[in-house]
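Visitor: Give me a model of this one.
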Amino acid sequence: MTLSIGEKIILPSHGPCLINAVVNKLVGGTSATFYRLAPLEDTGGELFIPVDKITGLGIRQLVGRSEIPKLFGRLGQEAKKTILPTTARNWKQRAIDHSKLLASGSAFDLAEIVESLTELNETRALAPHDRQTLERAKKLLVCEIAEVLGETKTAIEERIDKALQVRKAE
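Guide: Just a heads-up that it's a prediction; the model follows:
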């Protein structure tokens, strides 16, 4: 995979990033080439990814505009019953499952986390770890969709909340 300066990509667990530059740095006495990434979720800072190590990091392109309606549709469905009943009772397994989904970097996996934890929150108060996971997944999903559609994060968050309400109304 070759990335270009100015390209927007998804770095799992960091969300959308802009490739600002390709830079050389001296690491342990050896010169290495890095992509300099700027996270687009308002956290500031920079990330440096070695050019020769990007294949195993799960970096992907932003979700296509045509996939956005499917994402909102996913949020409007009930959580997959194969995951929720067992993990709703077992916080440890739920944390493992959600960590794997977050690490995948997939927008659809983020939507699954948001949907399942929102559904769980409707039956009982979320534990602090679950609440943090929900907020993180939702923030990453909002940021990616906002980048793709060119809309504000506030507008996208409202659209996500509406999609979640559709499921509740059914």
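Visitor: so where is the protein shaky, pLDDT-wise?
Guide: 1, 42-43, 78-89, 167-170 (pLDDT under 70).
Visitor: for it, what's the longest strand?
Guide: Across the chain, the strand with the greatest residue count (assigned by DSSP state E) is strand 15-27.
Visitor: what residues does that one touch?
Guide: Outside of strand 15-27, the residues that reach it under the criterion CB atoms under 8 Å, 6 or more residues apart in numbering are 3-11, 31-41, 46-48, 51, 62, 139-140, 143-144, 147. Where you see a C-beta, it was placed from the backbone N, CA and C, and this is true even at glycine.
Visitor: And stretch 90-109, by the same measure?
Guide: Contacting residues not belonging to stretch 90-109 are listed as 10-13, 58-60, 63, 67, 70-71, 74, 83, 86-88, 110, 112-113, 117, 127, 129-130, 133, 136-137, 140-141, 144-145 [CB under 8 Å, 6+ apart].
Visitor: Now the spatially most central residue of the chain. Nearest residue, chain neighbours left out?
Guide: With distances taken as CA atoms, centre = their mean, the residue of the chain nearest its centroid is Leu140 (4.0 Å). Closest residue in space to Leu140, ignoring its immediate chain neighbours: Gly15 at 4.3 Å, by CB to CB, 6 or more residues apart in numbering.
Visitor: just Ala155 next, same as before
Guide: Using CB to CB, 6+ apart, the closest residue to Ala155 is Ala146 (7.7 Å).
Visitor: burial count for the one you found?
Guide: Using other CB atoms under 10 Å, Ala146 is surrounded by 20 other residues.
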